[in-house]
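J.: Fold the following for me, if possible:
(2 chains)
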2 protein chains.
Amino acid sequence: MINDTMYARGAESSVIREIFTYANERKAQIGAENVFDFSLGNPSVPAPDEVRQSIERSLKLLPEQVHGYTPAPGAPEVRTAVAESLNRRFGTNYTMADVFMTVGAAASVSCTLGAVTCPGDEVIVIAPYFPEYRVWIETAGAVCIEVLADQETFQVDPEAVAAAITDRTAAVIIDSPNNPTGAVYTRESLEKLVDVLERANAEREARLGHPQPIVLISDEPYREITYGAEVPWVPSLYEHTVVCYSYSKSLSLPGERVGWVLVPQVSEGARRVMTAVAGTARSLGFVCAPSLFQRVVMDCVDVPSDVAAYARNRDLLTQALSQMGYTYVEPGGAFYLWVRALEPDAEAFCERARVYELLPVPSNSFGVEGWVRVGYCVAPEVIERSLPAWKRLAEDYGL
Amino acid sequence: MINDTMYARGAESSVIREIFTYANERKAQIGAENVFDFSLGNPSVPAPDEVRQSIERSLKLLPEQVHGYTPAPGAPEVRTAVAESLNRRFGTNYTMADVFMTVGAAASVSCTLGAVTCPGDEVIVIAPYFPEYRVWIETAGAVCIEVLADQETFQVDPEAVAAAITDRTAAVIIDSPNNPTGAVYTRESLEKLVDVLERANAEREARLGHPQPIVLISDEPYREITYGAEVPWVPSLYEHTVVCYSYSKSLSLPGERVGWVLVPQVSEGARRVMTAVAGTARSLGFVCAPSLFQRVVMDCVDVPSDVAAYARNRDLLTQALSQMGYTYVEPGGAFYLWVRALEPDAEAFCERARVYELLPVPSNSFGVEGWVRVGYCVAPEVIERSLPAWKRLAEDYGL
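T.: Now for the predicted structure:
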């Protein structure tokens, strides 16, 4: 019998995809250079040449060494390379046992949610949030609880999280550098969040007579895309952290679907979480992460991301919009600018922007009102050519 | 809260993996040439050179053309190439709308099960069967109903399927050429199965007042690995067929995770199934099939599988075992020999075989008693060197 939930999820088109489709149609009508598509999060920086070099090296090996099944958690040498890279960067002592290679960050988060929630459990997300979190939480049988970020800074609001915690809270998902706001959570705000979680854990343990800690899922696909801000290493702040990572943005490999889950194996509970991640991956039909790109990860694990191009776009866009009178959150990372809509209804604002061929994403898609996301992972010419349109839009609103 | 079901699925080691691990330990102890590991289904034939050529061509393109996100159902030109290849082979009229690219056959089956079942629905599998079917069926919230194959020929037994159909039967999974038996379902037995399904559909429609057809999931990773047997094209026999395919075996790319789901878009119901497949893929965290290997599929869609090596192994093994007095199912396809254990308890038989360093897989893993699976996707020397051991094992049992 056709599953209505799955049908609905297939039928509901993502707003972002809809805008992208509209952009392409409009480009065909009036010329690509006249349409300013800020909808997608597809990296505009190409994959570094080290990726090509790595693939060429693999092609010199025997095909069965390159294209064969790896163990479900990934090839041991790849997991070791990831662990050692983290150790160099964060002064940790991880080994391959802490790392489970995945089919990208979507799989990382989906498998982690399956592992750390039971049906009816609650998972807190910080709004605005990446909309697929809700889908994956509900697929795991859990309930998505939205908690507003601080509406000025878009830092996580520890008191709001504290107020939302119940006995059914299994996990909190954070995403810093943040999609959609570009905010990078400061060490101070993370420490306050950790305080809240540890207090809740202690209260719960006193009540239940046994520990049942809240898991902090730190989804970090944008970790490498920052403009000077520190991105604290969350497992060093909170024991019950699971890090979800992807090479989609850092190596510009979004289509290749490769990432990892890190569960530091510091306790029996953590070992159980890792086993449950493996069980979820198996249950959902993930057999192993793509084997050739596991080798690419091993070879490129320390290749720096080319952030300069995004930084130039960010400066260009923020300076111009600021002069025109727009307000926005100063982006510390990722490649999104979170701009306040010039009227309360973000969708109406986007309709008006469309008159000038400007295509940001309304904040409603991310669970809040009154803002738009401007993805600046585009060619700089797109930003330059769009500035007169942004200007006219501001003037329409009397700025 | 850690999910016990997922934990258990991660903790329970697959019998096949356990044997494989034992084999490696034993090889370290007594030398690789003295251990006869017939446990895995990892193709021993390397990926064809066309795969390497395709990757090298892609590396000459812009990285963003190769490694970027594709649409969720796959790149249009790849889906078209798959559809046209099927049309050339089966006289069909498929288009890209009928094809959804997946992260391998595991994802194909998992996404199809999520699409065509509701919680509590029943899915029939033909025992012996690939053990992960049960995991994916139960992950979808459905119930796995085992129906024995004909225990002489290991063809599907249409009357047994008929007896197992209830109002909750949502789907039947078939897998031909079969893992683990190597049987290829004949046109005749498939036609009888289709008769059973159509009769059940008609009765159900009369009772319900609206159609609610049973979906036939044809899982075909071994379609190309055959020894002269016809593998009928199931959608030409039964309208409500969903084909699940993978390039793991045909192109020897098991680690790269690329395959497809075909849902011929012949009715409103079929269109709903395809939409639900897309919704399930999204819900489980599959974003798109790996993009570089989608291009490999496009380039290699008609590259023939090198079956000759498997055919030689098959002949070598069957001739020798037959002379020693073993009985087995004549394999029409795949690279497994289904051999009758020489005592009723297949696990006890495998223990005895282990004395001679012979490592087949007991049939219990596949839901039946009294047989073993011998994977002959190995180097021919492994088979040759194993023959004295098989002989001594037979003599132990008085053959």
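J.: Correct me if wrong: A:Ile30 contacts A:Glu357.
T.: Yes: at 7.4 Å, A:Ile30 counts as touching A:Glu357 under the criterion of Cβ atoms under 8 Å. Every residue, glycine included, has its C-beta placed from N, CA and C.
J.: neighbour count winner among these two?
T.: When A:Ile30 is set against A:Glu357 and neighbours are counted by other Cβ atoms under 10 Å in any protein chain shown, the residue ahead is A:Glu357, at 17 against 10.
J.: Can you name the residues that contact the nearest residue to the more buried one once chain neighbours are set aside?
T.: Taking Cβ to Cβ, 6 or more residues apart in numbering or on different chains, and ignoring the residues beside it in sequence, A:Glu357 has A:Val35 as its nearest neighbour in space, at 4.9 Å. With contacts defined as Cβ atoms under 8 Å, 6 or more residues apart in numbering or on different chains, the neighbours of A:Val35 are A:23, A:26-27, A:357, A:359.
J.: top of these by neighbour count?
T.: Neighbour counts for the contacts of A:Val35 (other Cβ under 10 Å) peak at A:Leu359, which has 23 neighbours.
J.: Could you measure from it over to A:Val184?
T.: Counting by Cβ to Cβ, to the nearest Å, the gap from A:Leu359 to A:Val184 is 26 Å.
J.: where exactly do the helices run in the stretch 51-200 of chain A?
T.: Using DSSP state H, counting those that start in this stretch, the helices of the stretch 51-200 of chain A run over A:63-67, A:76-90, A:104-116, A:132-139, A:158-164, A:187-208.
J.: From the rest of the structure, what touches the fifth one?
T.: Defining contact as Cβ under 8 Å, 6+ apart, one finds that helix A:158-164 is touched by A:124, A:126, A:145, A:147-148, A:172, A:189, A:192-193, A:195-197, A:199-200.
J.: Which parts of that helix count as buried, going by neighbours?
T.: For helix A:158-164, the buried set under the neighbour-count rule, 16 or more other Cβ atoms under 10 Å in any protein chain shown, comprises A:158, A:160-162, A:164.
J.: Ok, the fourth one next?
T.: Neighbour-count burial for helix A:132-139, counted by 16+ other Cβ under 10 Å, picks out A:132-139.
J.: If we check chain B, which of those are in contact?
T.: Subset of these in contact with chain B: A:132, A:135-136, A:138-139, counting by Cβ under 8 Å from any Cβ of the partner chain.
J.: would JSON lines of the contacts of A:Val35 with pLDDT and secondary structure be doable?
T.: Written out in JSON lines, the entries for those read as follows (pLDDT from 0 to 100; DSSP: H, G, I helix; E, B strand; the rest coil):
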{"residue": "A:Ala23", "pLDDT": "90", "secondary structure": "helix"}
{"residue": "A:Arg26", "pLDDT": "95", "secondary structure": "helix"}
{"residue": "A:Lys27", "pLDDT": "92", "secondary structure": "helix"}
{"residue": "A:Glu357", "pLDDT": "97", "secondary structure": "coil"}
{"residue": "A:Leu359", "pLDDT": "96", "secondary structure": "strand"}
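J.: Going by distance to B:Asp98, which of those residues wins?
T.: Closest approach between the contacts of A:Val35 and B:Asp98, by Cβ to Cβ: A:Ala23, at 27.2 Å.
J.: Name the nearest residue to that closest one, sequence neighbours excluded.
T.: Nearest-residue entry for A:Ala23: A:Asp37, 3.8 Å, with adjacent residues in sequence omitted and distances by Cβ to Cβ, 6+ apart.
J.: Next up, the contacts around that neighbour.
T.: By Cβ under 8 Å, 6+ apart, the contact set of A:Asp37 is A:19-20, A:23, A:27, A:359, A:378, A:382.
J.: repeat for A:Asp121
T.: Residues touching A:Asp121, when contacts are defined by Cβ under 8 Å, 6+ apart, comprise A:141-143, A:168-171, B:1.
J.: 10 Å instead, please
T.: If you count contacts by Cβ atoms under 10 Å, 6 or more residues apart in numbering or on different chains, A:Asp121 has them with A:113, A:137, A:140-143, A:166-171, B:1, B:3.
J.: wait, does stretch A:271-278 contact chain B?
T.: Yes: with Cβ under 10 Å from any Cβ of the partner chain as the criterion, chain B is reached by stretch A:271-278 at A:272-278.
J.: List the buried residues in that stretch.
T.: Applying a neighbour-count criterion of 16+ other Cβ under 10 Å, one finds A:272-278 buried in stretch A:271-278.
J.: and if you look at stretch A:228-244?
T.: So, applying 16+ other Cβ under 10 Å, buried residues of stretch A:228-244: A:229, A:231-235, A:237-244.
J.: where along the stretch 151-300 of chain A do the strands fall?
T.: A:169-174, A:215-219, A:241-246, A:259-262 (DSSP state E, counting those that start in this stretch).
J.: and those, which is most packed in?
T.: For these, ranked by mean neighbour count under the definition mean count of other Cβ atoms under 10 Å in any protein chain shown, the leader is strand A:259-262 at a mean of 27.
J.: so what does that strand touch, helix or strand wise?
T.: Counting by 3 or more Cβ pairs under 10 Å, 6 or more residues apart in numbering or on different chains; DSSP states H and E, the packing neighbours recorded for strand A:259-262 are helix A:76-90, strand A:99-102, helix A:104-116, strand A:241-246, helix A:268-284, helix A:291-300.
J.: can the ones you listed go into JSON lines with extra columns for distance to B:Arg57 and mean pLDDT?
T.: Formatted as JSON lines, the entries for the helices and strands packed on strand A:259-262 read as follows, by distance: least, Cβ to Cβ, whole Å; pLDDT from 0 to 100:
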{"stretch": "helix A:76-90", "distance to B:Arg57": "26", "mean pLDDT": "97"}
{"stretch": "strand A:99-102", "distance to B:Arg57": "27", "mean pLDDT": "98"}
{"stretch": "helix A:104-116", "distance to B:Arg57": "24", "mean pLDDT": "97"}
{"stretch": "strand A:241-246", "distance to B:Arg57": "26", "mean pLDDT": "98"}
{"stretch": "helix A:268-284", "distance to B:Arg57": "32", "mean pLDDT": "96"}
{"stretch": "helix A:291-300", "distance to B:Arg57": "15", "mean pLDDT": "97"}
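J.: Who are the contact partners of the residue of the stretch 51-200 of chain A at minimum distance from chain B?
T.: Of all residues in the stretch 51-200 of chain A, A:Ser110 sits closest to chain B, at 3.0 Å by Cβ to the nearest Cβ. Counting by Cβ under 10 Å, 6+ apart, A:Ser110 makes contact with A:102-104, A:132-133, A:135-137, A:139-140, A:244, A:280-281, A:284, A:286, B:283-286.
J.: Secondary structure of A:Trp390: a strand, I assume?
T.: No: according to DSSP: H, G, I helix; E, B strand; the rest coil, A:Trp390 belongs to no strand; its state is helix.
J.: Test my guess that it contacts A:Tyr326.
T.: Yes: taking Cβ atoms under 10 Å as the contact criterion, A:Trp390 and A:Tyr326 are neighbours in contact, 7.4 Å apart.
J.: hey, what's in contact with both of the two?
T.: Overlap between the neighbourhoods of A:Trp390 and A:Tyr326 consists of A:317, A:320, A:339, A:374, taking contacts as Cβ under 10 Å, 6+ apart.
J.: The third one contacts A:Thr327, doesn't it?
T.: Yes: in this structure, A:Val339 is within contact of A:Thr327 by Cβ under 10 Å, at 7.4 Å.
J.: Looking at these two, which has the bigger crowd around it?
T.: Under the criterion of other Cβ under 10 Å, the comparison of A:Val339 against A:Thr327 puts A:Val339 first, with 23 against 11.
J.: is it fair to say the more buried one lies in a helix?
T.: No: assignment of A:Val339 by three-state DSSP gives strand, placing it outside any helix.
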